[in-house]
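Visitor: Next one to model:
(one chain, ligands or ions: 1)
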Amino acid sequence: MAEQLASDPFHGFGGSSQPPVPENVAIIMDGNGRWAQSRGLPRTQGHRKGVEAVRAAVRAAGELGIKTLTLFSFSSENWSRPAEEVNEIMGLLKIFIRRDLADLHKEGVRVSIIGARDNIPEDIKPLLEEAENLTRNNTSTRLVIAFNYGSRDEIVRATQKIAARVASGEVRAQDVDQDMISASLDTAEWADPDLIIRTSGEQRLSNFLMWQAAYSEFVFLDCLWPDFDKAELQNAIDIYHSRDRRYGGVKVAKAGA
Ligand code: FPP
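Guide: The predicted model follows:
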């Protein structure tokens, strides 16, 4: 029997030869260290190779028509890694912005950064601002880099913003609602992820987009991040298409079917 979903904007894939791509995709890039260690290389080599996978992912997202691609590049907890590794990742981020920004801009990619800005290295801050400012008016894929990002920290910062508005009398406590919380998060300007991918076989959210993931589909891929490419992204999208998104609703039989 033909079915459609009561509140699912994606209903009807079954009859369509080209189901729509998920517009908003977020990726937990995991497995750089294991990729390197399995080859007898230092972990830092895995991160270097991981940047190539970042380039491939951004290109593939543009080709597939993904609107927003969010990449978890450095968490607020990653500072506890050995200094050498932290320095390597910082260096790679700087190189990525310096070398790739012009190309991203040419491709019409808009770069946005989420995460706390107050405790990041002084030489990185202006690079992040430059990337955002240069690409501000671009309209193809939006590349969101989660840097020094932790979902709990983001929710605390959002709560502080709202508490300050309540304290000043601008907003009444009873008027605080889900929309106000969403609008106070770092991700206020774009939609929640339809699809969250994690590579390397691990199945955790690790403090990533916890509020925004309320109705996301999760796809866990076995491939390690340095091996991620367009085919892996397509594989994740194919798995996404096999899911029923109900947003808390129920399946209803199509009238007359
Ligand atoms: C997870 O692998 C990866 C990271 C914590 C860092 C990701 C950073 C990059 C790919 C480079 C910079 C990013 C951009 C956007 C240019 P892991 O080290 O936790 O791997 P493991 O679980 O195998 O140890």
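Visitor: For Asn138, which residues are in contact?
Guide: For Asn138, the contacting residues are His105, Gly108, Val109, Arg110, by CB atoms under 8 Å, 6 or more residues apart in numbering. (Each C-beta comes from the backbone N, C-alpha and C, glycine too.)
Visitor: From the ligand, how far out is the third one?
Guide: Relative to the ligand, Val109 is positioned 12 Å away (CB to the nearest ligand atom, to the nearest Å).
Visitor: Could you do the second one as well?
Guide: Going from Gly108 to the ligand by CB to the nearest ligand atom gives 18 Å.
Visitor: What is the burial count for that residue?
Guide: The number of residues packed around Gly108, counting by other CB atoms under 10 Å, is 13.
Visitor: Read off the pLDDT value for the closest residue to it other than its chain neighbours.
Guide: Distances taken as CB to CB, 6 or more residues apart in numbering put Ser140 closest to Gly108, at 3.6 Å, once the chain neighbours are dropped. Looking at Ser140, its pLDDT stands at 96.
Visitor: near the ligand, which residues of the chain?
Guide: Proximity of the chain to the ligand, by CB under 6 Å from any ligand atom, involves residues 29-34, 47, 50-51, 54, 71, 73, 78, 89, 92-93, 96, 145, 200, 225.
Visitor: out of the residues you listed, which are inside helices?
Guide: Among these, the members falling in helices (DSSP state H) are Asn32, Gly33, Arg34, His47, Gly50, Val51, Val54, Ile89, Leu92, Leu93, Phe96.
Visitor: from what I can see the fourth one touches Leu92, true?
Guide: The reference is to His47. Yes - using CB atoms under 8 Å, His47 is in contact with Leu92, at 5.8 Å.
Visitor: So for those two, which residue has more residues nearby?
Guide: More neighbours surround His47 than the other of His47 and Leu92, with 23 against 18 (other CB under 10 Å).
Visitor: what's near enough to touch the closest residue to the more buried one other than its chain neighbours?
Guide: Nearest non-adjacent residue to His47, counting by CB to CB, 6+ apart: Asn32, 4.9 Å away. By CB under 8 Å, 6+ apart, Asn32 lies in contact with Arg43, Gly46, His47, Lys49, Gly50, Leu224, Trp225, Pro226.
Visitor: quick one: the helices in the stretch 51-200 of the chain?
Guide: Shown for the stretch 51-200 of the chain, the helices assigned by DSSP state H, counting those that start in this stretch span residues 83-106, 125-135, 151-167, 178-184.
Visitor: okay if I get those as a markdown table plus mean pLDDT?
Guide: Listed next are the helices of the stretch 51-200 of the chain as a markdown table, based on pLDDT from 0 to 100:
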| stretch | mean pLDDT |
| --- | --- |
| helix 83-106 | 96 |
| helix 125-135 | 97 |
| helix 151-167 | 98 |
| helix 178-184 | 98 |
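Visitor: Would you convert these into a markdown table that also reports distance to Asn24?
Guide: Below are the helices of the stretch 51-200 of the chain laid out as a markdown table (distance: least, CB to CB, whole Å):
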| stretch | distance to Asn24 |
| --- | --- |
| helix 83-106 | 18 |
| helix 125-135 | 18 |
| helix 151-167 | 16 |
| helix 178-184 | 13 |
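Visitor: List just the one of those helices that sits closest to Arg246.
Guide: Judged by CB to CB, the one of the helices of the stretch 51-200 of the chain that comes nearest to Arg246 is helix 178-184, at 18.7 Å.
Visitor: If we go by neighbour counts, what in the closest one is buried?
Guide: Ile181, Ser184 (16 or more other CB atoms under 10 Å).
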